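Peer 1: Next one to model:
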Amino acid sequence: MKKKKIVVIGGSAAGPKSAARARRLDQNAEIIIIQKENDFSMASCGFPYYVGGVFDNRNQLICSPTGVVRDSNFFLNAKGIIAFNNIEAVEIDRKQHIIKCIDIKTNEEKNFDYDKLILCTGSKAKIPPIEGIKLEGITTLKSMKDADYLRKIRDEKNIKKAIVVGGGLIGIETCEALQLAGVQITVIEMLPQILPFLDKNLSKLIENHIKSKGANVITNNGVKEFLGKDGKLKGVKLTNGTELECELAVIAIGVSPETELAKKSGLKIGKLNGIVVDEFMQTSDADIYSAGDCIETINLITKKTDYAPLGDLANLQGRVAGENSVKGNNVKFNGTIKTSICKVFDFIAGSTGISEDEAKNCGFEPVSVITAGPDRPGFMGSRILINKMIVCKKTGRLLGFQCVGSGDVSKQIAQAAIAISGNMTIDILKNSDLPYAPPFTLAVDNFIATAHVLENKINGLMKGITVEEVKKKIDNKEDIFLLDVRGPDEFEQMRLGIGETLIPLGALRNRLNELPQDKNKEIICYCKISLRGYEAQLILEANNWKNVKVMEGGIMAWPYNREK
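Peer 2: You can find the predicted model right below:
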């Protein structure tokens, strides 16, 4: 029986995964990986941590879980896969099933024939067409070469000032890496906020945290020109005319699908410029599959075409493509809910699903709530979490969840991602049976507690108001009464200073005469996390006040200036 020949183009994440899956299911197939770069299976999400000195051994970026470097010998000996590096695929003859390649080092032409082909060509960094972009000192953080370059800068400690262009995941992680190396960093983001997968309020909390660590963040601004001298970067000019000195600039404004080879080959390309694949990861050519950053996929919530260049998805898609290249189309990758997480110094930011605005644009009737609370009991060293939960009001289905803070954000996002993937509703979430012990969580986990608060809001028990809405009322000098129901010691240690009145919750029932006697007056209650704020709302309503609200998330969700 003729051996099946499977060729994989691309050796980063999806490519090696698809090749390995194909080998496990067919021990007789001839499997080849063609990789343009020198290295294989690069852990690109680890680049910022290598640059920042979290670990020093570069090989850890290309190692297996057991510490073996994934090079050509590894693939041949451990996997029975022939892996070529420094070979660029330049043309695919789909009719003859031949791939034409060039050896980058020798310029020699090489041809490979295939029965099944898997395209995993990845993505390329977006480079803005800005004057001075070619100056020495401007880089991305997309490749091992980029990581080596920035690590060298970190180790030599000759660079004093740097900018990061872009406030997304890679930009913020690069900011931390260079700031920890003693470089003075400014993040420049053209959008109104950093980390656009977050709600604006939560994003602002992360921005404040970055600034507290000594880095600077500029939003609503972009780079107009890179300024240089003798071919070297010396500064940047922003769109508002401001000039900043810097010797290093890291471009981190996102990536786009690498589809040049696919386009030349006549494969179908989608409206987001990614390779079009079906649920089997099959392209418009039945003998060619594709996976990873080069493809478009389906958003499982919106049902619309989406682009999600994430490392975990590349591996999952590669596994499906590898299996189907061997077994035929018997497994599926159905799509993504775009789950993301990012370390920001000693804070974490995570998101899964869609935002409230996205939900509105997609025809849902979303309702949301922001909560705050500790991730475990105080006697176990609790750390703060600020959450936002979004559900469809009509069905109760969970649509999105965001979480930031110094607590265990990863667990909260993971729980939410599973719930969204399973189309779970708030009625199910509110009684979820999750593991509990004081070292790990509260008896009612933050995720479940947020579901409880949102259920109360939907049912009209808790009348929530966001911090943005409160700030707008203050700025507009609206006639509101702000009630802080914490204790005097808490008030002395930390307060907003926005014209609030302090009446501790325990004393509130006996001091109702100190409140506005107009029962229709708008009263906004809060505490540190607004749990006591909710209790205050119930007390006031029981005493016939008609317009009482709770500031969602309390002081911990307040991202604006405060008195203390």
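Peer 1: any idea how far residue 384 is from residue 209?
Peer 2: As judged by Cβ to Cβ, to the nearest Å, residue 384 and residue 209 stand 11 Å apart. Where you see a C-beta, it was placed from the backbone N, CA and C, and this is true even at glycine.
Peer 1: Residue 313 belongs to a helix?
Peer 2: Yes - Residue 313 forms part of a helix when assessed by DSSP: H, G, I helix; E, B strand; the rest coil.
Peer 1: Tell me how far it lies from residue 289.
Peer 2: 15 Å.
Peer 1: Give me the more crowded residue out of those two.
Peer 2: residue 289 (32 against 22; other Cβ atoms under 10 Å).
Peer 1: how about the more buried one, secondary structure?
Peer 2: Per three-state DSSP, residue 289 ends up strand.
Peer 1: hey, where'd the strands end up in the stretch 151-300 of the chain?
Peer 2: Applying DSSP state E, counting those that start in this stretch to the stretch 151-300 of the chain gives strands spanning 161-165, 184-188, 216-218, 223-229, 232-238, 243-245, 248-251, 255-257, 288-290, 297-298.
Peer 1: among these, which is nearest residue 80?
Peer 2: strand 288-290 (20.0 Å; Cβ to Cβ).
Peer 1: any residues touching that closest one, and which ones?
Peer 2: 18, 92, 94, 116-120, 262, 265, 267, 275, 277, 280-283, 321, 324-325 (Cβ atoms under 8 Å, 6 or more residues apart in numbering).
Peer 1: residues touching residue 494, list them.
Peer 2: Residues in contact with residue 494 (Cβ under 8 Å, 6+ apart) are 528, 555, 562, 564.
Peer 1: Nearest to residue 141, out of the strands of the stretch 151-300 of the chain?
Peer 2: strand 248-251 (5.9 Å).
Peer 1: and that closest one, C-alpha only, in PDB?
Peer 2: C-alpha atoms of strand 248-251 as PDB (Å, rounded to 0.1, in the frame of the first residue of the first chain):
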ATOM      1  CA  LEU A 248      14.200  52.200  21.100                       C
ATOM      2  CA  ALA A 249      10.700  51.700  19.600                       C
ATOM      3  CA  VAL A 250       8.800  48.400  19.700                       C
ATOM      4  CA  ILE A 251       6.000  48.200  17.100                       C
END
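Peer 1: What ranges in the chain fall below the confidence cut-off?
Peer 2: 1 (pLDDT under 70).
Peer 1: Using the record's assignment, carve it into domains.
Peer 2: Using automatic domain parsing, the domain parsing of the chain gives 5-123+256-327, 138-253, 346-458, 464-557.
Peer 1: Redo these as TSV? Include distance to residue 340.
Peer 2: Output for the domains of the chain, formatted as TSV (distance: least, Cβ to Cβ, whole Å):
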stretch	distance to residue 340
domain 5-123+256-327	7
domain 138-253	5
domain 346-458	5
domain 464-557	20
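Peer 1: Which one, of the ones you listed, ends up nearest to residue 132?
Peer 2: It is, among the domains of the chain and with distance given as Cβ to Cβ, domain 138-253, at 3.1 Å.
Peer 1: Can you give the distance of that closest one from its chain's centre?
Peer 2: 17 Å (Cα atoms, centre = their mean, to the nearest Å).
Peer 1: Which strand or helix spans the closest residue to residue 143 other than its chain neighbours?
Peer 2: Nearest non-adjacent residue to residue 143, counting by Cβ to Cβ, 6 or more residues apart in numbering: residue 37, 6.8 Å away. Residue 37 belongs to no helix or strand when assigned by DSSP states H and E.
Peer 1: do you know how far residue 37 is from residue 146?
Peer 2: Distance of residue 37 to residue 146, given as Cβ to Cβ: 11 Å.
Peer 1: got it, and residue 494?
Peer 2: 42 Å.
Peer 1: One more: residue 221?
Peer 2: 24 Å.
Peer 1: can you list the contacts of residue 494 in a markdown table and add distance to residue 107?
Peer 2: Formatted as a markdown table, the contacts of residue 494 follow (distance: Cβ to Cβ, whole Å):
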| residue | distance to residue 107 |
| --- | --- |
| 528 | 66 |
| 555 | 64 |
| 562 | 63 |
| 564 | 67 |
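Peer 1: List only those of the residues you listed flagged as buried.
Peer 2: 528, 555 (16 or more other Cβ atoms under 10 Å).
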